[in-house]
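[1] next come a sequence and a model predicted from it.
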Amino acid sequence: MGAMSDVIPYAPDDAGAPPSLFPDYGSTVARSPIQPLVRIPQTLTEVTGPSAWERLMGSALADLTTQHKNAPQGQRIVVTGRVLDETGRPVPNTVMEIWQANAAGRYIHSKDNWDAPLDPNFTGAGRVVTDADGRYRFVTIRPGAYPWGNHHNAWRPAHIHLSLLGPAFATRLVTQLYFPDDPLIEIDPIANAVPMPYRQRMVCRFDIGVTEPNWALGYLFDVVLKGRNQTPFEEGTHDD
Amino acid sequence: MTIEAESRVTALRPDNQDPTLFGQTPSQTVGPFFHYGLPWKGGADLVGKSDMGARPELFPEDHYVLNLSSPNGTPNGEVIEIAGRVIDGNGDAVPDAMIELWQANAAGRYASDDDMREDVALDPHFIGFGRASTDADGIYRFRTIRPGRVPGPGNSVQAPHLAMSVFGRGLIKRLATRLYFADGAGNDVDPVLNAVPQARRSTLVAKRRDGAWWLDIVLKGENETVFFEL
């Protein structure tokens, strides 16, 4: 039997993981390490994470369209799905934080100088918590595309930023959700840092069942976090 | 009509719901505009007495929907300040990064369902998770408790450390690292520090400076911080 402190490690990045350095996305050039990452043994530090996150982050804010006096401008949408680990098991009671631009593609941020209108009725931030089956659901407006300074005539595809803690330091994930049939995805250096076909994992699916009559279009999006094998590693029994 | 239908089929691509693509959701950058979405007031104060960590000047007050943390008591242990500058490959400060911290309490217990050691006490006033935006000068700053030692692989004991993640514009993936203390017991036998080439270990070891434990995070170049593959 292994010592009490032996832990079950989480899987490494899979084939869909982007590199840190992707020169087409210019900001990566000065901000990506040259040295290779150092492989460390996962310990209790890496396989644990905050369980009482709600005390820090607060309760759910699942409707981004009702945070102000009036309804925001734009197309109301529902986004729903599950948070799973890569073995297919649901990740219950975990927080997903959400932030995005408004319908015109403008962020409520003083450094965003894109000449599109701010919407006083839209902040674009929220958070949801997964249920026992890993399900979540939030309501927002579809964000707009916007230009950025990365290269001549660069435009970001419409996207929603998603941040998940998952159960452990090792499962931390920040990603972006993209929309189907958006021609900007394939010319976007940030999305393109993820090789095909894995890039398509970040594209949600329109779903008429999620769509609510006379109210909102519906999209499905599952988030898959790193998983681990059920069997603990036992000292002295490995043969690799 | 037939041509239209065919071209539509050709245009279809697999998506998030396609079972043949099932696997880890890829990482993407937080971008430059995360401040109204992630780092809450007090997020960098794990002792819970201030607004440290947020950049509320970067968005209008009536758009603040992040949590307002409400401290409910004082954790046990030595209160310390952790600080440093995030620096890019040109030697410039990075004013739009965010650091996350995860650590054990003073007794060496994680406030996590996955730390099941009942012989080490939880602290009801300490969670051990925090977030700090870098300021206009690229400086991050946390107030926290000096962590106790936690077990490592086999029968080893780790030196006191904090796990840190670096996020920011230009960082497609978070960068994972650790902060150790220059006077930390067991640094010389720590199983993670020992996995790092000796010449680079000092990039993980904070030193005393102006009352804080100071550790710069160098994303690229000379004295580049060691980042981990977990």
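    Done, it's in. Every value quoted in this text rests on a predicted model; they were computed, and no experiment measured them.
[2] now the residue nearest the centre of chain B, which residues is it bridged with?
    Taking CA atoms, centre = their mean as the criterion, B:Glu100 is the residue nearest the geometric centre of chain B, at 2.3 Å. On the basis of DSSP bridges, B:Glu100 is bridged to B:Arg131, B:Ser165.
[3] that one touches B:Ser133, doesn't it?
    No. Contact status for B:Glu100 versus B:Ser133: not in contact, 10.8 Å apart, counting by CB atoms under 8 Å. No exception for glycine: its C-beta is placed from N, CA and C like everyone else's.
[4] measure the residue nearest to the centre of chain B to B:Leu230 for me?
    As judged by CB to CB, to the nearest Å, B:Glu100 and B:Leu230 stand 14 Å apart.
[5] where does residue 15 land on pLDDT?
    I went with chain A, as the question did not name one. A:Ala15 is assigned a predicted lDDT (pLDDT) of 97.
[6] you looked at the wrong chain, it should be chain B
    So B:Asp15 comes in at 97 (pLDDT).
[7] if we can go back for a sec, residues in contact with the residue nearest to the centre of chain B?
    Shown in contact with B:Glu100 (CB atoms under 8 Å, 6 or more residues apart in numbering or on different chains): A:172, B:129-131, B:164-165, B:167, B:174.
[8] burial of residue 114, as a residue count?
    Let's take chain A. 14 (other CB atoms under 10 Å in any protein chain shown).
[9] try again with chain B
    Residues near B:Asp114, counting by other CB under 10 Å, number 14.
[10] run through the residues that contact the residue nearest to it when sequence neighbours are not counted.
    What sits nearest to B:Asp114 in space, not counting adjacent residues and going by CB to CB, 6 or more residues apart in numbering or on different chains, is A:Thr48, at 4.7 Å. A:Thr48 is in contact with A:168-169, B:102, B:110, B:112, B:114-115, counting by CB under 8 Å, 6+ apart.
[11] let's see that with 6 Å instead.
    By CB atoms under 6 Å, 6 or more residues apart in numbering or on different chains, A:Thr48 lies in contact with A:168, B:110, B:112, B:114-115.
[12] so B:Ala121 makes contact with B:Asn105?
    No. With contact defined as CB atoms under 6 Å, B:Ala121 and B:Asn105 do not form a contacting pair (7.9 Å).
[13] okay, these two: which has more neighbours?
    B:Asn105 (27 against 14).
[14] just checking, the more buried one touches B:Phe126?
    Yes. If you go by CB under 6 Å, B:Asn105 and B:Phe126 touch, sitting 4.6 Å apart.
[15] measure A:Ile40 to B:Asp183 for me?
    22 Å.
[16] the two - which one has more neighbours?
    Between A:Ile40 and B:Asp183, A:Ile40 has the larger neighbour count (other CB under 10 Å), namely 20 against 12.
[17] many thanks, we can stop here.
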